[in-house]
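1. The sequence isn't on hand, but the structure is:
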């Protein structure tokens, strides 16, 4: 086997077919404690929702329909597609101590439990009540979420980049190309290959001809 | 911990720079040219013509100087930082709009940046520290692959137009001793095939005693395909049973 393939195999973590994915990332200590190797738990069946029909995104405001915090509205902070889970900020939370040591009782924090999609409902912006949502096309051709009750478009929440970059406040560094230069078009179609064009520009003349060779 | 690790990288870089003495003229060159991933190309490249002074090409093409080793390292401002700000990688759309000379120069700019980042990565591994700004390496690699694909697209279009050949490298479908039909890519040789003893020893046909094994392989393949299809069907039935679509809710 090629060395690169072997190394990439070692780098990529392999999980069993019946691995039960939880709220922690699989390579963390908590996940490893919960799912040690050799563990076989009963399979969790997840409703297969295709990508086009998925309506809840990070940053949406949704209302809880069932559970401890029924009737409350909260913002989605995490979405787990593999189990159709959604985590809301501060809602459906249980409280626990973390960082416990022998003398110190630890920090008391609220840890939110995930909610299934069926226990959640998107909110209509007009009357701020839970509503069914479908996907429709606007006149411009854009695919948007529309509340089936009132017909109001539910806008997608603004996406916050994981590296914290905000487009409007970006300033180029010393090694970054300015936007106008990057978008400037300098290409003129021609019948010359890149090598020929560069040789012409650099004034390189290649008079040598290849010796006869056989391709088989 | 962060302070000491930052101090160590900074210390190493300082040690290194002491060995490398930079002349003031060279420093001017360095700030103006190269050593940058996405150097501002417009001033020099958009007006690309032989009339532009050849001094520029000379400065660009020859290796900067024997003491150019500091280009293998981050600029001094980044020493000891945990995160380094870097812009977005080049997209294929942007690269397709650039001329061939621009792409040629950008390739080497990216290559030098990649070398710099790989050196930093290796040095951080050696010192058991976190590399500052590891996403820069991914961005540069992606930019380079996109550049390569843009150039290949152009070459392919030109080749198709001028010669009618779809592939740049000749080849043909051949059968090997195990009964597999595969795309055999030709290699360049100085002598014809009938004089090449090693090539003549290769067998591009299947002996008849291999045919039973081919049949068994085929049966195995068919069985596994049928098994996969049955598994998919069972999964769909189970899904329909547990999550009936008639009352399915979307969010």
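-> That came through, no problem. The shown structure was predicted, so the numbers you read here are calculated from the model rather than taken from an experiment.

2. Which parts of the chain are strands?
-> Using chain A. Using DSSP state E, the strands of chain A run over residues A:61-64, A:73-80, A:85-88, A:93-98, A:107-112, A:115-116, A:120-122, A:133-137, A:143-147, A:153-154, A:214-215.

3. Sorry, I should have been clearer: chain B.
-> B:171-175, B:181-185, B:188-189.

4. before we move on, the earlier item: turn the strands of chain A into a markdown table, including mean neighbour count and mean pLDDT.
-> (Glycine included, C-beta is placed from N, CA and C.) Formatted as a markdown table, the strands of chain A follow (neighbours: other C-beta atoms under 10 Å in any protein chain shown; pLDDT from 0 to 100):
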| stretch | mean neighbour count | mean pLDDT |
| --- | --- | --- |
| strand A:61-64 | 20 | 95 |
| strand A:73-80 | 16 | 94 |
| strand A:85-88 | 23 | 96 |
| strand A:93-98 | 11 | 92 |
| strand A:107-112 | 12 | 92 |
| strand A:115-116 | 18 | 96 |
| strand A:120-122 | 22 | 95 |
| strand A:133-137 | 14 | 94 |
| strand A:143-147 | 17 | 94 |
| strand A:153-154 | 16 | 92 |
| strand A:214-215 | 14 | 97 |
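
5. just so I know, which of these lies nearest residue B:229?
-> Checking the strands of chain A against residue B:229 by C-beta to C-beta gives strand A:73-80 as the closest, at 29.3 Å.

6. quick one: low-confidence parts of the stretch 51-200 of chain B?
-> B:51-66 (pLDDT under 70).

7. what does it have sitting close to chain A?
-> For the stretch 51-200 of chain B, the residues in contact with chain A (C-beta under 8 Å from any C-beta of the partner chain) are B:57, B:61, B:75, B:85-87, B:90, B:94, B:96-104, B:113, B:135, B:151, B:154-155, B:158, B:161-162, B:170, B:186-193, B:199.

8. Can you name the residues in contact with stretch A:40-48?
-> A:18, A:20, A:82, A:83, A:84, A:117, B:238, B:239, B:242, B:243, B:248 (C-beta atoms under 8 Å, 6 or more residues apart in numbering or on different chains).

9. Apply 7 Å and report the result again.
-> A:18, A:20, A:82, A:83, A:84, B:238, B:239, B:242, B:243 (C-beta atoms under 7 Å, 6 or more residues apart in numbering or on different chains).

10. all helices for chain A, in order.
-> A:3-11, A:29-34, A:179-183, A:194-202 (DSSP state H).

11. want to try CSV for the ones you listed, with mean neighbour count, distance to chain B and mean pLDDT as columns?
-> As requested, the helices of chain A are exported to CSV (neighbours: other C-beta atoms under 10 Å in any protein chain shown; distance: least, C-beta to the nearest C-beta, whole Å; pLDDT from 0 to 100):
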stretch, mean neighbour count, distance to chain B, mean pLDDT
helix A:3-11, 9, 14, 77
helix A:29-34, 12, 19, 94
helix A:179-183, 14, 4, 94
helix A:194-202, 15, 4, 95
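
12. These into a markdown table, with extra columns for distance to residue B:204?
-> What follows is those, written out as a markdown table (distance: least, C-beta to C-beta, whole Å):
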| stretch | distance to residue B:204 |
| --- | --- |
| helix A:3-11 | 27 |
| helix A:29-34 | 51 |
| helix A:179-183 | 50 |
| helix A:194-202 | 34 |
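
13. Any idea which of those helices gets closest to residue A:148?
-> Among the helices of chain A, helix A:29-34 comes nearest to residue A:148, with 38.1 Å by C-beta to C-beta.

14. for that closest one, the distance to its chain's centre please.
-> 22 Å (C-alpha atoms, centre = their mean, to the nearest Å).

15. Over to stretch A:68-87?
-> Distance, centroid of stretch A:68-87 to centroid of chain: 16 Å (C-alpha atoms, centre = their mean).

16. measure it end to end?
-> 14 Å (C-alpha to C-alpha, to the nearest Å).

17. touching chain B at all, that stretch?
-> No - Stretch A:68-87 stays clear of chain B (C-beta under 7 Å from any C-beta of the partner chain), getting no nearer than 9.1 Å.

18. residues in contact with that stretch?
-> Identification of contacts with stretch A:68-87 by C-beta under 7 Å, 6+ apart yields A:21, A:44, A:46-47, A:49, A:56-64, A:88-92, A:112, A:114-117, A:120, A:123.

19. go with 6 Å
-> A:21, A:46, A:56, A:58, A:60-61, A:63-64, A:88-89, A:91-92, A:112, A:114-117, A:120 (C-beta atoms under 6 Å, 6 or more residues apart in numbering or on different chains).

20. So residue B:178 versus residue B:187, what's the distance?
-> 21 Å (C-beta to C-beta, to the nearest Å).

21. do the same with residue B:135
-> Taken as C-beta to C-beta, the span from residue B:135 to residue B:187 is 39 Å.
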